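# I'd like to go over a predicted model; first the sequence, then the structure.
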Amino acid sequence: MSAKGPETATAELEARAVAILQTERALFESRRPLAAAVHAAAGPGFFDGVPQHWMLDWPTPFPPVIEAATGVTLTDIDGNRITDLCLGDTGAMFGHGPEPVLRALAGAGTRGLTTMLPSSDAPAVGRLLAERFGLPRWQLAATASDANRFAIRIARAVTGRARLLVFDGCYHGAVDDTLVDLVDGRTVSRRNLLGQVRDPGDLTVSIPFNDEDALAAALAKGDVACVLAEPVMTNCGMILPDPGFHATLRRLTREAGTLLLIDETHTISSGPGGYTRLHGLEPDLMVMGKPIGGGIPVSVWGMTEAVSDRLRAVRSRQSGHGHSGIGTTLSGSAIQLACLRACLEEVMTDEAYRLMNARADRIEAGFKAAIAENGLGWTVSRVGARLEIVFSPRPVRNAREAREAASDTLEQALHLSMLNLGYLLTPFHNMVLVSPALSAGQADGLVEAFGTVLARMTGREGA
């Protein structure tokens, strides 16, 4: 296949993938009669039969119905056991139900699940966040989407500017300002948005990742409150920063009086202090969500002392204690603080990351060997314990290249085949997230399954 042109090779792969999908869908259904009955049941209930409509985005006839989740093992109501490499799209990065978090959950209720007052864990959690992530001032929210919203509001409040800059292909949760794409040089609303009544492009500018010239031009206007960026883009394939890009991003934002907001929600897979601490980034604001509380609804956002001082100055000019638009009454709760403390002290440890990276090393090497053995022009990108299979012979540098490399047909066939072999990947792209709960045997089994699927897709099965 490598001797043929890329378009021909992809077309042949996709033709095989279509046939594979038919077989795999039938196999999936045959193993899940109880789940099929759940989804076929009529009557009032959830819209389209699921608590969130995107639960139907898996490449399956219907989603499995999960009965239990422990470590990296999911068990569905039909008794199928699945090794989880999706992990709630990072929410359960350290495994489902870490013991310290379960203990924290059991004890937190006696302090009031929500009181609008700090619990006795608050001082320790604040100190742990500052020590681990390097920023001195922190606040809590329920989700990374909320944390990003609040951090953006702070940036606008302290700079007096309205405009936001993001990178094409970004994902920062359900923040309206970030749901944009770059099309023919224009920032436009992302397709498929529901109920969008204002064009986010009015106040948001999107530019290609790794494009220093576009960044300099956008910031030169002097109207950008903050740049919101993942240090490695992880929702459009995986796009790694060019050497020196982050240094240029920090220099240009400072020169323009623009704040830098780093979203570490996915790149926390890099190490105990995230990509920011590992690579010495110097953001003004930082957001983390999903895994930092062991999977419960909690996120954190932090700021430098300089931003904190400017925020106090803004607040001092306000009258009374009116609603600021920041925070919800379920944020900062005793249960959030208890789980945060358990995670930071006992779950997100150096040893956990050592195990994650050791398993990820094993998987990365195995994936690359299987790709080469099957003559495929694909790459494996990685940020710590998070890996992406990219249908491109070289790492992609921006969202345009990532979109050109993508294939829904290949992705669906890969995911469903892997699921039927007992391994769950993230449904929206080819992400594999490695938990410290994943054993060496499970890592090897994943690699073996991946090789089996690639042999089928390339016609080498049994050769």
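Cool, got the structure.
# right, and residue 275 touches residue 267 too?
Yes - counting by CB atoms under 8 Å, residue 267 is a contact partner of residue 275 at 4.1 Å. For glycine as for every other residue, the C-beta is placed from the backbone atoms N, C-alpha and C.
# nearest residue to the middle of the chain?
Residue closest to the average C-alpha location in the chain (CA atoms, centre = their mean): residue 266, at 4.0 Å.
# my guess is that one meets residue 236, correct?
No - Residue 266 is beyond contact range of residue 236, at 11.7 Å (criterion: CB under 8 Å).
# which residues does the nearest residue to the residue nearest to the centre of the chain once chain neighbours are set aside contact?
The shortest distance from residue 266 to any non-neighbouring residue, by CB to CB, 6 or more residues apart in numbering, is to residue 234 (4.2 Å). Shown in contact with residue 234 (CB atoms under 8 Å, 6 or more residues apart in numbering): 171, 266-267, 383, 386, 388, 431.
# could you rerun that using 10 Å?
If you count contacts by CB atoms under 10 Å, 6 or more residues apart in numbering, residue 234 has them with 89-90, 169-171, 240, 263, 265-267, 269, 381, 383, 386, 388, 426, 429, 431.
# filter the residues you listed down to just the ones in strands.
The strands, defined by DSSP state E, take in 263, 381, 383, 386, 388, 431 from the contacts of residue 234.
# which of the residues you listed sit farthest apart?
Using CB to CB, the ones in strands among the contacts of residue 234 reach their maximum pairwise distance at 263 and 381, which is 18.0 Å.
# more crowded one of those two?
Neighbours per residue, other CB atoms under 10 Å: of residue 263 and residue 381, the larger number sits with residue 263, 29 against 22.
# residue 222: how many residues sit nearby?
Residue 222: 10 surrounding residues under other CB under 10 Å.
# if we can go back for a sec, quick check: pLDDT value at the residue nearest to residue 266.
Note for residue 234: predicted pLDDT of 95.
# tell me the buried residues in the helix or strand containing residue 409?
Per DSSP states H and E, residue 409 falls inside helix 408-420. Buried positions in helix 408-420, judged by neighbour count with 16 or more other CB atoms under 10 Å: 409-420.
# and which of those is nearest to residue 283?
When these are compared for distance to residue 283 (CB to CB), residue 411 wins out at 32.2 Å.
# list the contacts of the closest residue in space to that closest one that isn't next to it in sequence.
Spatially, and ignoring its direct neighbours in sequence, residue 411 is nearest to residue 430 (6.2 Å; CB to CB, 6+ apart). Residues near residue 430 by CB under 10 Å, 6+ apart: 237-238, 378, 380-381, 387-391, 406, 410-411, 414-415, 418.
# now residue 430: how far from residue 169?
Distance of residue 430 to residue 169, given as CB to CB, to the nearest Å: 15 Å.
# name the SS class of residue 261, please.
Taking DSSP: H, G, I helix; E, B strand; the rest coil as the rule, one finds residue 261 in the strand state.
# and if you look at residue 82?
strand.
# let me know the secondary structure of the closest residue to it other than its chain neighbours.
Taking CB to CB, 6+ apart, and ignoring the residues beside it in sequence, residue 82 has residue 74 as its nearest neighbour in space, at 4.4 Å. Three-state assignment for residue 74 (three-state DSSP): strand.
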